[in-house]
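Enquirer: Predicted coordinates and the sequence they were generated for:
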Amino acid sequence: MGVSSVLDNSPFFPLLLCVLIFCLLTFRAVRFRQIRSGPRLPPGPKADFLLGHYRAVPEVAAFKKYAEWAKEFDSDVLFFHALGTKWIVLNSLKSATDLLEKRGSNYADRPRFIMFEEMGWSPTLTWLRWGPKCHLHRKVLQPPFSKSRVKQYAANQRREALICCQGMLDDPENWINSVRRFSVAVVLKIAYGLEVDGSDSPWIKLADDSAEAVGKSGAPASSIMDRFPPTRYLPDWLPFMERLRFARTWRFSIENITKLPFEAAMDKQAQTDSNHEQSFVHERISIFRKNAAESLANEFTLEDIQGAAATILIAGNDTTAATVMLLVLYLMQNPEAQRKAQQEVDCAVGGGRLPTWDDMSNLRYTQLVLQETYRMNPLSPLGIPHASIADDVYGGMFIPRGTIVYQNVWAMMHDESVYAEPFRFWPERYLPKEEGGNAEPLPAGNFGFGRRICIGKSLAESSLLIVLATMLATLDIGWPMDEDGKPTPFEPDWSFKGQAIVLPFKASITSRNAKSRENLDREVAAFKFVQF
Ligand code: HEM
């Protein structure tokens, strides 16, 4: 019987634990006062004695509150503490670059993600502390996603982009299903060599569940368990333990997505010629078996392979799907930008065919539509937190070792001193002034910083560009129509619990013209005869 189930079943243990926790908290609060009386920490709002800033920081859309505080305290670096955990929030690109890139070796660590541990993750690069295991995972995961190696996935990405647009046209009411299919299909193939058969594939349900679990679990490392680990042993029915309840309720989704595709890939490999399939799992399993056959040590264990493959699927699928949904939203809300990008695609392909990879370098405005989408709504508004390894001093402010470091990418991308009218969707803002633009810098930081920067950036950007170009060539996206055929503008709903995502919404999706539809159907039909 596990510790938590003993505690859940006995009325005395929770009481005893509460007393213990209270004593520990008092001890930590007193110790924290000693830190405060040392060198000058970055500023921050007033804290409670025992709970620190626990109650001050909102659980939803904390990035907006942090941006307000940055203005109030006139500091791009803010300091917080709660229940003995300390964190800073970097609200400018300059402070994020100075610390996470220029002093990257000191900020390459991650905090422990206790809530995610409760969710049952296997060793997964995203949550690994800086150290030999993390280096090994980055060494194994980076090469297949380098700029040059991602080209090997290009044909499959384009095929899936075409299938996505065909699906959106065939079933416009449920266009989101086609987007989900697209984002899962690309990474499922790369990670496991598995295919998605239709938008009701069980792999999509699996990916949806894990996206829900990660996307709504709150800002990473910010739950009460992350702030004060002993609370993970409290019963999850206590009123302030909702996030422990959430973690346990959704644990099944992380377990399923980690195990099931991995087992399917292993079965497939056992049934087919192992050299035939090209996928991350097949490649790593072949190396594993070869080492084992030659009695060589396997540093990258089966558990590591399983965790790394799940990272590709989880980190790669919901981020891509959420960004495609944003693209659809902003194209719908900004018909001018949509028309301009469509004209650019038409001009690049010269009519009569659909865009290919060779056209991408001619799609400058289309690329800016994507950049503007990143800027308007960074999916991880506070990034994935890093942690400091040693004491540091920045701008005269002391940053103790072990401090969690959030990057307020949302604040950086809505900084009025950098972006004019930051809440306006305006892709032209990046163009030089002589071309009618405002010469503003492309957004930076939405894929992270320094030594923990996203390894899937090149793959994600190419997937997004090919699907955007294909959508522009084949679809007209508009407001949904009412019964009288009139467009009905609306404000979509958002979720700011953890990731910042737009919730499913209706749109009018129609074919641009008969020729583009014919090309789409012809190309998709031809894929049936091609092995990828
Ligand atoms: C629009 C798509 C994506 C966005 C916005 C995104 C964003 C991010 C961000 C913000 C981080 C944290 C970086 C940091 O801590 O400094 C990250 C890490 C990571 N991403 Fe992505 N990502 C995307 C797509 C992908 C894809 C397609 C893959 C899979 C191949 C992937 C795999 C990873 C991994 C493994 C990490 C952890 C890196 C580490 O901790 O060392 N991501 N991503």
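Expert: Great, that's in hand. Numbers count the residues shown, from 1 in each chain.
Enquirer: Quick one: name the residues of the stretch 351-500 of the chain near the ligand.
Expert: Within reach of the ligand by CB under 6 Å from any ligand atom, the stretch 351-500 of the chain has these residues: 379-380, 383-384, 386, 446-449, 452-456, 459-460. C-beta coordinates here come from the backbone N, C-alpha and C atoms, glycine included.
Enquirer: which one's the longest helix in the chain?
Expert: Longest helix of the chain, by residue count under DSSP state H: helix 302-333.
Enquirer: buried stuff in that helix?
Expert: Buried residues in helix 302-333, counted by 16 or more other CB atoms under 10 Å: 304-333.
Enquirer: how close does the residue in the stretch 151-300 of the chain that the ligand sits nearest to get to N156?
Expert: For the stretch 151-300 of the chain, the residue closest to the ligand is V187, as judged by CB to the nearest ligand atom, at 6.2 Å. Relative to N156, V187 is positioned 10 Å away (CB to CB, to the nearest Å).
Enquirer: Tell me which of those two has more neighbours.
Expert: V187 (26 against 17; other CB atoms under 10 Å).
Enquirer: residues in contact with that one?
Expert: I312, L313, G316, N317, T320, L459 (CB atoms under 8 Å, 6 or more residues apart in numbering).
Enquirer: make it 6 Å
Expert: When the contact criterion is CB atoms under 6 Å, 6 or more residues apart in numbering, the partners of V187 are I312, L313, G316, N317.
Enquirer: And for L141?
Expert: The neighbourhood of L141, defined by CB under 6 Å, 6+ apart, consists of L125, A308, I455.
Enquirer: Read off the pLDDT value for P123.
Expert: In this prediction, P123 carries a pLDDT score of 77.
Enquirer: what's near enough to touch the residue of the stretch 301-450 of the chain found nearest the ligand?
Expert: Of all residues in the stretch 301-450 of the chain, G448 sits closest to the ligand, at 2.1 Å by CB to the nearest ligand atom. When contacts are counted by CB under 6 Å, 6+ apart, G448 touches G383, C454.
Enquirer: Got the phi and psi for it?
Expert: Note on G448: its backbone torsions stand at phi 90, psi -170 [degrees, to the nearest 10].
Enquirer: what's the spacing between stretch 451-470 and its chain's center?
Expert: In terms of CA atoms, centre = their mean, to the nearest Å, the centre of stretch 451-470 is set 12 Å apart from its chain centre.
Enquirer: Give me the residues contacting it.
Expert: 104, 108, 141-142, 145, 147, 150, 157-158, 161, 164-165, 186, 316, 320, 323-324, 327, 345, 355, 360, 363, 366, 370, 386, 447-448.
Enquirer: got it, and stretch 391-405?
Expert: 39, 41-42, 86-88, 106-107, 111, 221, 385-388, 390.
Enquirer: Tell me which residues of that stretch come out buried.
Expert: So stretch 391-405, judged by 16+ other CB under 10 Å, has buried residues D392, M397, F398, I399, P400, T403, I404, V405.
Enquirer: Now the terminal residues of that stretch, how far apart.
Expert: Across stretch 391-405, the terminal residues are separated by 13 Å (CA to CA, to the nearest Å).
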